[in-house]
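**Q** make a model of this:
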Amino acid sequence: MPVQTNYPGVYIEERPSGVHTIVGVSTSVTAFVGAAATGPVDSPQRVFSFSDYVRLFGPPIDDTRPMGHAVQHFFANGGSQAIVVRVLGAGALAAAATLKETLPAGTDVLTLIANGKGAWANWNGSVGTYIAADRAGTANPDDLFSLVVTYKTLDPKSNAPVQSAQESFLNLSMSPKHPRYVLNVVAASQLVVPSLPGTLTSTVKGTSVGAAAVANPLTIKPTAKTLRISVDFGPAVDIVLFAADTTDVSKTPAQISTELSAALSNAGLAATSSQSGGKLTITSDNAGLDSAVVVTPAPSGDLSKDLTLGLAWGGAEASGSAALRPATTPPASTPPPAVSTQSLTGGSDGSPVGPNDVVPPSGSGIYSLNSLLFPRFNLLSLPDLTSDDDAQISNAIAYAKGERAFLIVDSPKGGFAAIPPSLGSLPALGEHGAIYYPRLQAVEALAGGATRTLNLPASGAVAGVMARIDASRGIWKAPAGREAGIVAVSSLTKSTDDNVSGLLNPKGVNVLRAFPGAGIVVWGARTLKGDDTASSEFKYIPVRRLTDYIASSLYLGTQFAVFEPNDPDLWGQLRLAVGTFMRGLFRQGAFQQSPKRTESDSFFVVCDETVNPQSEIDLGRVNVVVGFAPLKPAEFVVITITQISQLEG
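**A** Take a look at the predicted model:
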């Protein structure tokens, strides 16, 4: 819009430059989907370390449910961010505890359900989850209560119960309008989810009772006659007693009570004052859970001290929900017996997790990741599945393709039936996936100095290697070679050598090798379409991943163009934005370069009338064509040695 001028002078106008910066998306956020010891089910949880994983999902279980070990290997080998989805089999139930207002057999007032299905939270007398409730140790023992949730597990080295987590929630209320309402506050718990066992009702009216009898008579000064009162958790209102008196006045408790009732009514507060033996009581006119009267010292001219009203001066205040608080139970330092009203019980793991639980027809399992924003993840690991689970792996590859992500497939636990193996239908879908052989072997310490040897999937460690190389070299560097070392494992489950590699590599199976001085390394960089006979342009992992990286980055970075006028100005903005992004990759060495090292030999961006004729404009489309020359790894280094002879002159 032009500047509106109405007086002689200088006008300054700011105009947008039309320059839009495209920022590259993440490359190595890895999603893990499988069985875990504890935690929420079918709910993606982002973790930034193995400690985060243990805090949410418990320690690793064993090699039949290896997701915990896969996550551990991911972070040990260079991973920095993971998204974990815990799945369970059919029939799984969450443990729960229902607290009562009177022990041992009172009314049910609060239910705490384990934050995640499974038997992990069941209290058996030494491990599991239990609750300690307390009324006395609160800011208002007549109305509030506190909860302590404790979770104990067995130390794998000593086999003794240890406290894994404990959460304290102080000064809670059963009144929905209270700022510390139990359902709102405990909702932040990582261990339990609060709920009501039914509809709670109360016929009690909230009160605020003075700590002692008021002096008879009481001298009320004109500088101290204000009370700050909140009724039924509404806003606090300052009311002034005997406002017409401008000098000191002496009033009896009855006169004060009458004046207080009138002042409450005039202020629109639904409460009434009464007195007995000189002690004042303010009672809400309404009964129910949210019935309450709260007196706090006024900022100036306070009278509550002289009337001993409010908790600050020793008064007693109780809401309509006070009687429906959980009863005080033994403290957290005194665990309950195996079954009690304060221990969580009834949890079940259901049937063992199977391939259809990890990759179901829809809704749960890997599809729980749909709740995240795009790009949801870059790498996908399914430690509970192997290449033998052909149907589920095929569906997972199709899902990864739609997310512009990459699936890392694990080989069977007992190895391939034959080498080279038959991978079924996987190669037909496989440009968004890669398989690694063999599996990893790790030795784990147990209680009493014993150890156990675990047969673990390689996908977690390989994802960590990819993340490490992405950070140090770039996504265009093949995640293989001497710098692609794997740590935190003891050995491979099968021995590999040049002969094995020579049979598997041409079939698109990436081999893990052990070399003297280098340890265990990734020694292959082919996708499942890497079979030499397939002649796929996405034969190599870095080519596929770089293409997805560019596509995802451009998808998010060109959103500014939607609904803009489709004209040469827009085309220029798109060329500038996309060209700048591609030029940044070129300067980092992401593309194959000619001896002249010119940009035009490595990439191009076209967005003009040649790709946007009037017919395309009429259809509401603007086309941008991007091409690049991908780097491909040097799989085979051929060195030719010959002899020369010194002939006589």
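**Q** so Asn510 sits against Tyr437, correct?
**A** Yes - applying C-beta atoms under 8 Å as the test, Asn510 and Tyr437 come out as touching, 7.2 Å apart. C-beta here means a position set from N, CA and C on the backbone, and glycine is covered the same way.
**Q** shared neighbours, the two?
**A** Here Asn510 and Tyr437 share the contacting residues Leu504, scored by C-beta atoms under 8 Å, 6 or more residues apart in numbering.
**Q** ok, Val605 - how many residues close by?
**A** 21 (other C-beta atoms under 10 Å).
**Q** quickly list what it is bridged to.
**A** Assessed by DSSP bridges, Val605 has beta-bridge partners Val626.
**Q** which residues touch it?
**A** Contacts of Val605 by C-beta under 8 Å, 6+ apart are Arg575, Val578, Gly579, Met582, Val624, Val625, Val626.
**Q** narrow these to those in strands?
**A** Val625, Val626 (DSSP state E).
**Q** what ranges does the stretch 101-250 of the chain have for its helices?
**A** Listed in chain order, the helices of the stretch 101-250 of the chain (DSSP state H, counting those that start in this stretch) span 182-185.
**Q** same check, this time on the chain
**A** For the chain, the helices defined by DSSP state H occupy 50-57, 67-76, 182-185, 253-266, 304-307, 355-358, 390-402, 426-429, 459-472, 498-504, 541-557, 568-587, 614-618.
**Q** domain parsing for the chain?
**A** Split into domains by automatic domain parsing, the chain comes to 30-87+352-542, 96-200, 205-317.
**Q** adding mean pLDDT, distance to Ser553 and mean neighbour count, write those out as CSV.
**A** Putting the domains of the chain into CSV (pLDDT from 0 to 100; distance: least, C-beta to C-beta, whole Å; neighbours: other C-beta atoms under 10 Å) gives the following:
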stretch, mean pLDDT, distance to Ser553, mean neighbour count
domain 30-87+352-542, 94, 9, 20
domain 96-200, 92, 34, 18
domain 205-317, 95, 50, 18
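**Q** Throw those domains into JSON lines and include distance to Thr328, thanks.
**A** Below are those laid out as JSON lines (distance: least, C-beta to C-beta, whole Å):
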{"stretch": "domain 30-87+352-542", "distance to Thr328": "28"}
{"stretch": "domain 96-200", "distance to Thr328": "5"}
{"stretch": "domain 205-317", "distance to Thr328": "18"}
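**Q** for Gly620, find the nearest of these.
**A** Across those, Gly620 has its closest neighbour in domain 30-87+352-542 (22.6 Å, C-beta to C-beta).
**Q** ok, Ile256 touching Lys279?
**A** No - Ile256 is beyond contact range of Lys279, at 11.2 Å (criterion: C-beta under 8 Å).
**Q** got a list of what the closest residue in space to Ala458 that isn't next to it in sequence touches?
**A** Spatial nearest neighbour of Ala458, excluding adjacent residues (C-beta to C-beta, 6 or more residues apart in numbering): Tyr436 at 4.7 Å. If a contact means C-beta under 8 Å, 6+ apart, then Tyr436 has 408-411, 458-459, 462, 509-512, 522, 524 as its contacts.
**Q** among these, which ones are in strands?
**A** Ile408, Val409, Asp410, Val509, Asn510, Val511, Leu512, Val522.
**Q** what pairs with the fourth one across the strands?
**A** So the one you mean is Val509. For Val509, the beta-bridge partners are Ile435 (DSSP bridges).
**Q** next one: the last one
**A** Partner residues in beta bridges with Val522: Leu512, with DSSP bridges as the criterion.
**Q** which residues touch the residue nearest to Asp63 when sequence neighbours are not counted?
**A** In this structure, Asp63 finds its nearest non-sequential neighbour in Leu454, 4.3 Å apart by C-beta to C-beta, 6+ apart. By C-beta under 8 Å, 6+ apart, the residues touching Leu454 are Asp62, Asp63, Pro66, His69, Gln441, Ala442, Val443, Glu444.
**Q** contacts only, for the fourth one.
**A** Neighbour list for His69: Pro60, Asp63, Pro383, Ala442, Leu454, Leu456, Gly460 [criterion: C-beta under 8 Å, 6+ apart].
**Q** from the contacts of Leu454, pick the one nearest Gly91.
**A** Nearest to Gly91 among these, with distances taken as C-beta to C-beta, is Asp62, at 20.8 Å.
**Q** residues contacting that closest one?
**A** Counting by C-beta under 8 Å, 6+ apart, Asp62 makes contact with Leu454.
**Q** cool, Ser495 as well?
**A** With contact set as C-beta under 8 Å, 6+ apart, Ser495 has these partners: Ala514.
**Q** and it, how far is that from Gln441?
**A** Taking C-beta to C-beta, to the nearest Å as the measure, Ser495 falls 11 Å from Gln441.
**Q** what of Arg545?
**A** Distance from Arg545 to Gln441, by C-beta to C-beta: 28 Å.
**Q** same question for Val562.
**A** Noted for Val562: a distance of 52 Å to Gln441, by C-beta to C-beta.
**Q** OK, contacts around the residue nearest to Phe169 when sequence neighbours are not counted?
**A** Leaving aside its chain neighbours, Phe169 sits nearest to Leu147 (4.7 Å; criterion: C-beta to C-beta, 6+ apart). The neighbours of Leu147, taking C-beta under 8 Å, 6+ apart as the test, are Ile131, Ala132, Ala133, Asp134, Ser168, Phe169, Leu172, Val182, Val186, Pro326.
**Q** which residues touch the last one?
**A** Residues in contact with Pro326 (C-beta under 8 Å, 6+ apart) are Leu99, Lys100, Glu101, Val109, Leu110, Ala133, Phe145, Leu147.
**Q** just the fourth one next, same as before
**A** Under the criterion of C-beta under 8 Å, 6+ apart, the contact partners of Asp134 comprise Phe145, Ser146, Leu147, Val148, Thr328, Thr329, Pro331.
**Q** also the first one?
**A** Contact criterion C-beta under 8 Å, 6+ apart gives Ala97, Leu99, Leu112, Leu147, Val148, Val149, Thr150, Val192, Thr329, Gln342, Ser343, Leu344 as the residues in contact with Ile131.
**Q** ok so, going back, mind putting the ones in strands among the contacts of Tyr436 into TSV with distance to Phe377?
**A** Shown next, in TSV, are these (distance: C-beta to C-beta, whole Å):
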residue	distance to Phe377
Ile408	12
Val409	16
Asp410	17
Val509	24
Asn510	21
Val511	26
Leu512	23
Val522	20
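**Q** nearest to His178 among the contacts of His69?
**A** Nearest to His178 among these, with distances taken as C-beta to C-beta, is Pro60, at 41.5 Å.
**Q** now do that closest one against Ala458, distance only.
**A** For Pro60, the distance to Ala458 - C-beta to C-beta - is 15 Å.
**Q** ok so, going back, so can I have JSON lines of the contacts of Tyr436 showing distance to Ile541?
**A** JSON lines is the format used below for these (distance: C-beta to C-beta, whole Å):
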{"residue": "Ile408", "distance to Ile541": "10"}
{"residue": "Val409", "distance to Ile541": "12"}
{"residue": "Asp410", "distance to Ile541": "16"}
{"residue": "Ser411", "distance to Ile541": "16"}
{"residue": "Ala458", "distance to Ile541": "14"}
{"residue": "Ser459", "distance to Ile541": "13"}
{"residue": "Val462", "distance to Ile541": "10"}
{"residue": "Val509", "distance to Ile541": "13"}
{"residue": "Asn510", "distance to Ile541": "8"}
{"residue": "Val511", "distance to Ile541": "14"}
{"residue": "Leu512", "distance to Ile541": "14"}
{"residue": "Val522", "distance to Ile541": "10"}
{"residue": "Gly524", "distance to Ile541": "9"}
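**Q** ok, so of those residues, who is nearest Ala211?
**A** Nearest to Ala211, judged by C-beta to C-beta, of these is Ser459 at 66.7 Å.
**Q** any idea how far Tyr11 is from that closest one?
**A** Applying C-beta to C-beta to Ser459 and Tyr11 gives a distance of 63 Å.
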